[in-house]
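K.L.:
dropping the sequence and predicted coords here.
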Amino acid sequence: MKTRAIHELSENVRLALSAIRAHPLRSVLTVLGIMVGVFSIVLVMTAIRILQSNLETQMSQLGTHTFQVQRFPAIQVEGGPEAWKRYARRRKLRIPDARRLSERATLASAVSVVAMVDTSEASSAYDRTNPNIPLNAVSPSAFITRNWVVAEGRALGDPDAGRHVCVLGATLARKLFPRGSGVGETVKYRGANYSVVGVLEEKGAVFGQSQDNFVAIPVETAMDRYGRELSFAIQVQAPDAAAYPAVLEQARGILRAIRKVPPGEDDDFELVSNDSIVTQFRGITSNLRIGSAVISSIALVAAGVGIMNIMLVSVTERTKEIGIRRAIGAKKRSIMAQFLCEAVVLSEIGGLAGVALGIACGNLLGLVLQVPPLLPWDWALIGLLVCSFVGIVFGTYPAWKAAQLDPIESLRYE
């Protein structure tokens, strides 16, 4: 019985492929809608997976078990301009805030202050950059909280407070000092000369943006040059993963007390971590997934109607063939299975083309971001299953109509 069913299925697939080859242009136009629907959903899911993979594997702006306290959220999901005005009214985070937090946060292993204070051109005796190099003001403990590893020279220390010294990211160091080490050399930034005391290990890029193209100077030096009203972010590191929640809650309580936030009111600061950024990213892309699914569903329904129409035409064209098969003993079930199989094969051809094209185009983004290719097998399988469902739903009526044809009338059909 099982062998007979397999043989019947293989014969129906062969007949379906023969019918499709007999009308290639019509078949291509029919499967085009299926291909577009599957392509759109697979493309979006592949691109999102690549972006998420790139974000999760390369998000190293903060060190392990580290969170950052800042005025604005890392990603604003909703609220519009009014929300940003509300964030802008918050009091800036100052050095005294960080100092008092460091004194009271007994569970934390490190507390630092960081700020991006300027963006301009950096130059050396050998080369100069575009005017897009960030100047970061950092305290010595930022090398711990930001997960910076010194490749050459040394990190900034307490004795460097107020001095014109700097540490360079790896990419910037290679640009400004192509012939050797930059340690001991001088970098000019906004008319001020900074002595290079260290170069950091390379960290790579996030979303195509280098994390190694910056200048870091002591906080005190930045305040002397750019004014003492700078707005800083405070970074706090927990000793391990188990202590992380307790450290975060302790820091939140201390900051609310320092900034005199009344009980029951929302925090007037944001707590940002690598995990929170990834979570927000997933929340944003969930709407994109839903939108893509809706658009794909519309395309698939339209394609299903096209399949039904073409199958009805096919039944009419092959009326005599159906009559001959019925006359030599074919059952209604066999006729219905034949035409239903043809509808499913049409759908699957479009689905396979859509999956292949969607994965290929989605991975073009991976090439741009220099991320290894990614194959979303789950969504490819879902796409093919949906195609089978579309073929069955929209092919059932034409197949039923073919099975119900009267053998005698079919043989007389011209």
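P.N.:
Perfect, thanks for sending it. Residues are numbered from 1 along each chain as shown.

K.L.:
mind listing the helices for the protein?
P.N.:
2-22, 24-58, 80-88, 95-104, 142-145, 170-176, 219-226, 244-258, 274-317, 319-327, 332-369, 377-403, 407-412 (DSSP state H).

K.L.:
nearest to residue 200, out of the ones you listed?
P.N.:
The closest of those to residue 200 is helix 170-176. By Cβ to Cβ, the value is 5.8 Å. Where you see a C-beta, it was placed from the backbone N, CA and C, and this is true even at glycine.

K.L.:
list the buried residues for the closest one?
P.N.:
Residues of helix 170-176 classed as buried by neighbour count (16 or more other Cβ atoms under 10 Å): 170-176.

K.L.:
quick one: contacts of it?
P.N.:
With Cβ atoms under 8 Å, 6 or more residues apart in numbering as the test, helix 170-176 has contacts from 122-124, 126-129, 133, 151-152, 168, 182, 185, 187, 196, 199-203, 210, 212-215.

K.L.:
now it: mean pLDDT?
P.N.:
For helix 170-176, mean pLDDT is 93.

K.L.:
what do you get for stretch 356-369?
P.N.:
What stretch 356-369 shows for mean pLDDT is 81.

K.L.:
before we move on, the earlier item: just the closest of the buried residues of helix 170-176 to residue 349, please.
P.N.:
Checking those against residue 349 by Cβ to Cβ gives residue 171 as the nearest, at 47.3 Å.

K.L.:
excluding its backbone neighbours, what's nearest the closest one?
P.N.:
Distances taken as Cβ to Cβ, 6 or more residues apart in numbering put residue 212 closest to residue 171, at 3.9 Å, once the chain neighbours are dropped.

K.L.:
rewinding a little: just the buried subset of the contacts of helix 170-176, written out for ChimeraX, thanks.
P.N.:
Of those, the buried ones can be selected in ChimeraX as follows, counting by 16+ other Cβ under 10 Å:
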select :122,124,129,133,152,168,182,185,187,196,199,200,202,203,212,213,214,215
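
K.L.:
quick one: which of the contacts of helix 170-176 sit in strands?
P.N.:
Secondary structure from DSSP state E places 122-123, 133, 151-152, 168, 187, 196, 199-200, 210, 215 of the contacts of helix 170-176 in strands.

K.L.:
with distance to residue 89 as added columns, please give those in a markdown table.
P.N.:
A markdown table is the format used below for the ones in strands among the contacts of helix 170-176 (distance: Cβ to Cβ, whole Å):
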| residue | distance to residue 89 |
| --- | --- |
| 122 | 34 |
| 123 | 38 |
| 133 | 31 |
| 151 | 42 |
| 152 | 43 |
| 168 | 36 |
| 187 | 37 |
| 196 | 39 |
| 199 | 40 |
| 200 | 36 |
| 210 | 33 |
| 215 | 31 |
